[in-house]
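K.L.:
build me a model:
(chains A and B)
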Amino acid sequence: MDIRIENLTKQYGSQRAVDNLSIQVRTGEIVGFLGPNGAGKSTTMKMITGYLGIGEGRIFIGDKSVNEHGDELKKHIGYLPENNPLYLDMPVVDYLQFCAALQGVAASCIDQRIRSMVKKCGLNAEKHKKIGELSKGYRQRVGLAQAMIHDPEILILDEPTTGLDPNQIVEIRKLIRDLGKEKTVILSTHILPEVEATCDRILIINKGKIVADGTAENLRKQSAGQEIVKIKIEDATAEAIQHELRRIKTVDLVELVDKNENRFEVQSQSGSSSKRAIFNLCVEKGWVLTELIPLETRLEDIFRNLTVN
Amino acid sequence: MHVIWIIAKRELLSFFDSLIAYIMLVLFLGFSGFFTWLFGSDIFFAGQASLEVFFNIAFWTLFFFIPALTMRLLAEEKKTGTIELLLTKAVTDREIVVGKFLSTFLLVGIALICTLPYVITVANIGMLDVGQAVCGYVGLLLMSSAYISIGLYASSITSNQIVAFLLALTIGLFFHLLFGILASNFSGIVGQVFNTLSLSNHFESMSRGVVDTRDLIYFFSIILIGLFLSELSLTKRNTQ
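P.N.:
Coordinates of the predicted model:
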């Protein structure tokens, strides 16, 4: 099921939480919402799930509008809210049973669904404990399990990996990736490597507006501008190397980082690459090139550029 | 309908899991038993096989107990945030409100079933007016429903359980006592209006064995208005 959001606006008092937001998410796409605190990620997600009323604009899921058919659409959505609220006095299995029944899973399938969710989320050892007795990571798994219990076409996950240990994070990411093959997944997170690891597409939101939209690579390309490489050359003095490097046509700037070890940072003119030219120069002069590291613009930098004014 | 039952069942089980149900049953049976059989103008003073004494005591005990049961229904979910999960499941606001109402109603029903030995005892020591007894029980159930619905509303407008409890008790006090007192202080139309609003008057006639459609309309109006307002305050999140 596709999600189509058109000119979505939500006002809290005088503050615009979401400002004329339009996006489209196709089936089988995993979209990562990125944004600083208070950017409007959660608000948008809450409006998609039908928890918050839609201020202005429209949200379509499939070909039905959330504005009119909100209650009907809920059973196609699996939702993990931000702080993962759960009934702490209920045992895990009872809670999953309750959620499955509410979501309209046929009584004959409930047990089988619960078994498969418990297995997928690694809850087998804890399934008869009360949720209140579980650690944060396990609660998070229960939250994921309840979101997926009715095999929804759409998954909305608000910070799904908070509180998980590194092994669990890898597992959950894999789980999300697997699910994302046939489902539509929107997840929000603060952890930037996570978006790169799990999402097909990144949406950066700031002050209720989309400021960037694309794959991690695309975003890099857009903001990268100039290529920067770190190099180390042996068998010559730093001055001589620096002099020769400056003579390469495509090179914009050469910076000597470490004089004793002959390390340089070479910035190319925008739109061109100097890697081959550097290599050829070394061959020509008989120098040995021992390091050449392209510096990728990190997602963190893109994020900061776009969201800090 | 199915969904309402699922919600009611979970809620009822959590009453029992958290011991609230047991405490409420023990206290209710303790109070009503003590004052019906042992203390004050108890059932033996009446001189006839009637349960009116019991009905009057239950009338007061339920008035205090019901707000304690209803206070957590929605306020707790709002405080912990679980309301967000519940509302994003395939249920409507109305089903949630009715399900929660039903759970408390069933608990009060269980409490009243536990008083059936009183009926059997009284029936054995004299000629019990069965019609009157049935009427009294129906009256208690209707009165409880009205207070549950008021309590549910109080719980829906706050995330603090104590506030919900006190608010439910305050609103209840008007229907239970104050409207009756006001009615006796005013004459004419004003007095009549207060008289109609007083829950005690309607309950009294039922506990004496008289079923009047006006009483039924009165109780059902309170129940429906309470449920409607609770639903409204849940739905209000959409327009904020």
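
K.L.:
just for chain B, where's the confidence low?
P.N.:
Scanning chain B for pLDDT under 70 picks out the ranges B:40-42, B:46, B:238-240.

K.L.:
get me the contact residues on it for chain A.
P.N.:
B:3, B:6-7, B:10, B:14, B:17-18, B:80-92, B:237-240 (Cβ under 8 Å from any Cβ of the partner chain). In this view, the C-beta of every residue, glycine as well, is placed from N, C-alpha and C.

K.L.:
out of those residues, which are buried?
P.N.:
B:3, B:6-7, B:10, B:14, B:17, B:80, B:82-92, B:237 (16 or more other Cβ atoms under 10 Å in any protein chain shown).

K.L.:
tell me the secondary structure at the most centrally placed residue in chain B.
P.N.:
What sits nearest the mean C-alpha location of chain B, by Cα atoms, centre = their mean, is residue B:144, with 1.9 Å. At residue B:144 the chain is in helix, as set by DSSP: H, G, I helix; E, B strand; the rest coil.

K.L.:
likewise the one 10 residues further on?
P.N.:
The local conformation at residue B:154, judged by three-state DSSP, is helix.

K.L.:
got the contact list for it?
P.N.:
B:67, B:70-71, B:163-165, B:167-168, B:171 (Cβ atoms under 8 Å, 6 or more residues apart in numbering or on different chains).

K.L.:
weed out the non-buried ones from the residues you listed.
P.N.:
By neighbour count, with 16+ other Cβ under 10 Å, the contacts of residue B:154 hold B:67, B:70-71, B:164-165, B:167-168, B:171 as buried.

K.L.:
tabulate the residues you listed (a markdown table), appending secondary structure.
P.N.:
Formatted as a markdown table, these follow (three-state DSSP):
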| residue | secondary structure |
| --- | --- |
| B:67 | helix |
| B:70 | helix |
| B:71 | helix |
| B:164 | helix |
| B:165 | helix |
| B:167 | helix |
| B:168 | helix |
| B:171 | helix |
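
K.L.:
output these in a markdown table; the columns should cover distance to residue A:283.
P.N.:
Output for the buried ones among the contacts of residue B:154, formatted as a markdown table (distance: Cβ to Cβ, whole Å):
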| residue | distance to residue A:283 |
| --- | --- |
| B:67 | 88 |
| B:70 | 84 |
| B:71 | 82 |
| B:164 | 81 |
| B:165 | 85 |
| B:167 | 85 |
| B:168 | 87 |
| B:171 | 90 |
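
K.L.:
what's the farthest-apart pair in those residues?
P.N.:
Within these, two members stand farthest from each other by Cβ to Cβ: B:71 and B:171, at 12.5 Å.

K.L.:
look up phi and psi at residue A:252.
P.N.:
Backbone torsions for residue A:252, taken as degrees, to the nearest 10, come to phi -100, psi -40.

K.L.:
distance of it relative to residue A:284?
P.N.:
Distance, residue A:252 to residue A:284, using Cβ to Cβ, to the nearest Å: 21 Å.

K.L.:
try residue A:73
P.N.:
Counting by Cβ to Cβ - residue A:73 and residue A:284 are separated by 66 Å.

K.L.:
more neighbours: which of those two?
P.N.:
In this view residue A:73 and residue A:284 are compared by other Cβ atoms under 10 Å in any protein chain shown, and residue A:73 has more residues nearby, 23 against 9.

K.L.:
where does the stretch 201-309 of chain A dip in pLDDT?
P.N.:
In the stretch 201-309 of chain A (pLDDT under 70), the answer is A:222-226, A:296-298, A:309.

K.L.:
quick one, strands of the stretch 201-309 of chain A?
P.N.:
Along the stretch 201-309 of chain A, counting by DSSP state E, counting those that start in this stretch, strands occupy A:201-206, A:209-214, A:228-234, A:251-258, A:263-268, A:288-295.

K.L.:
distance to residue B:30 and mean neighbour count for those strands - can I get that in CSV?
P.N.:
As requested, the strands of the stretch 201-309 of chain A are exported to CSV (distance: least, Cβ to Cβ, whole Å; neighbours: other Cβ atoms under 10 Å in any protein chain shown):
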stretch, distance to residue B:30, mean neighbour count
strand A:201-206, 58, 22
strand A:209-214, 62, 16
strand A:228-234, 80, 19
strand A:251-258, 83, 14
strand A:263-268, 83, 19
strand A:288-295, 77, 13
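
K.L.:
let me have those strands in CSV, extended by distance to chain B.
P.N.:
CSV is the format used below for these (distance: least, Cβ to the nearest Cβ, whole Å):
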stretch, distance to chain B
strand A:201-206, 20
strand A:209-214, 22
strand A:228-234, 45
strand A:251-258, 51
strand A:263-268, 49
strand A:288-295, 43
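
K.L.:
any chance of the ones you listed in CSV, plus distance to residue B:56?
P.N.:
Below are the strands of the stretch 201-309 of chain A laid out as CSV (distance: least, Cβ to Cβ, whole Å):
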stretch, distance to residue B:56
strand A:201-206, 62
strand A:209-214, 65
strand A:228-234, 88
strand A:251-258, 92
strand A:263-268, 91
strand A:288-295, 85
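
K.L.:
related to what we said a few turns ago, which among the buried ones among the contacts of residue B:154 gets closest to residue A:186?
P.N.:
residue B:164 (34.9 Å).

K.L.:
find the residue closest to residue B:196 in space, skipping its chain neighbours.
P.N.:
Ranked by Cβ to Cβ, 6 or more residues apart in numbering or on different chains and with sequence neighbours excluded, the top spatial neighbour of residue B:196 is residue B:218, at 7.3 Å.
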